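In: return a 3D structure for these sequence lines:
(one chain, ligands or ions: 2)
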Amino acid sequence: MANGNDDRGFTQSPAELFDVSLVVNGVPRAARVPARRLLSDVLRHDLLLTGTHVGCEHGVCGACTVLVDGVAVRSCLMLAVTADGARVTTVEGLTRPDGTLSPVQQAFADCHGLQCGFCTPGFLTTITAALEENPQPSRAQAREIIGGNLCRCTGYQNIVKAVLRAAVLRAAVLRAAELRATEAGS
Ligand code: FES
Ligand code: FES
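Out: Ligands and ions are numbered 1, 2, ... in the order given. Presented below is the predicted three-dimensional model:
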């Protein structure tokens, strides 16, 4: 192709670009993207948040899962333009405000819920969202929670344990926060 013409002689116009504004991990971010650019590509390549992993790029493996307005979403299936205005949380944004690990992250460390770690960002975001909806899952529910995420290393047993441990740690964190709030108000 030369002079903006393709090999059939048709004139090629540059791809139309769209402004996308997101709040990613609490920070306002902007990108100018083609309509078909995936949210996963914007996060990884435009915003350099490479903690979000891309495995299948087909919606199957769950590695690319992020939270969009608190809901677990496969970022390889979402166009960035459709996320315009949303709050996005990636694995980089899961740590607590004081920099310590979130309950789900801590539980993975405690229970050896990861090996190579490729799948881990997707598990962490998925479980974080699920515990908001069901703070005390049974073992069967823990298995359901992770049913849409693939891991090729761990055999899943320690990930199930990590879901249950995360629920315990999360409850303790919430109880401590309530106690602090009560003490501050008294
Ligand atoms: S990379 Fe998105 S589901 Fe596999
Ligand atoms: S820890 Fe390797 S794919 Fe899950």
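In: how close does the residue most central in space within the chain sit to residue 156?
Out: Compute the mean C-alpha point of the chain, and by Cα atoms, centre = their mean the closest residue is residue 66, 2.1 Å away. Applying Cβ to Cβ, to the nearest Å, the value for residue 66 to residue 156 is 21 Å. From N, CA and C alone the C-beta is placed, and that goes for glycine too.
In: same question for residue 171.
Out: Taken as Cβ to Cβ, the span from residue 171 to residue 156 is 23 Å.
In: repeat that for residue 26.
Out: Using Cβ to Cβ, residue 26 is found at 31 Å from residue 156.
In: next: residue 49.
Out: Taking Cβ to Cβ, one finds residue 49 at 26 Å from residue 156.
In: repeat that for residue 62.
Out: Counting by Cβ to Cβ, the separation of residue 62 from residue 156 is 12 Å.
In: and if you look at residue 87?
Out: The spacing between residue 87 and residue 156, counted by Cβ to Cβ, is 30 Å.
In: show me what from this protein comes close to ligand 1.
Out: Counting by Cβ under 6 Å from any ligand atom, the positions of the chain adjacent to ligand 1 are 54, 55, 56, 57, 59, 60, 61, 62, 63, 64, 74, 76.
In: which residues of this structure fall in helices?
Out: For the chain, the helices defined by DSSP state H cover 39-41, 103-111, 120-133, 139-145, 157-185.
In: okay, domains of this structure per the record?
Out: What automatic domain parsing lists as the domains of the chain is 14-93, 103-185.
In: between those domains, which one is closest to ligand 2.
Out: For ligand 2, the closest of these is domain 103-185, at 3.3 Å, according to Cβ to the nearest ligand atom.
In: pLDDT (mean, whole number) over that closest one?
Out: Regarding domain 103-185, the rounded mean pLDDT is 97.
In: and stretch 37-56, by the same measure?
Out: Mean pLDDT, stretch 37-56: 98.
In: and stretch 90-102, does that touch ligand 2?
Out: No. Legend: contact between stretch 90-102 and ligand 2 by Cβ under 6 Å from any ligand atom is lacking; minimum distance shown is 13.5 Å.
In: report the buried residues of that stretch.
Out: Residues of stretch 90-102 classed as buried by neighbour count (16 or more other Cβ atoms under 10 Å): 90, 91, 92, 93, 94, 101, 102.
In: and the end-to-end length of it?
Out: Start-to-end span of stretch 90-102 (Cα to Cα, to the nearest Å) is 13 Å.
In: and residue 51, how many neighbours does it have?
Out: Neighbours of residue 51 under the rule other Cβ atoms under 10 Å: 17.
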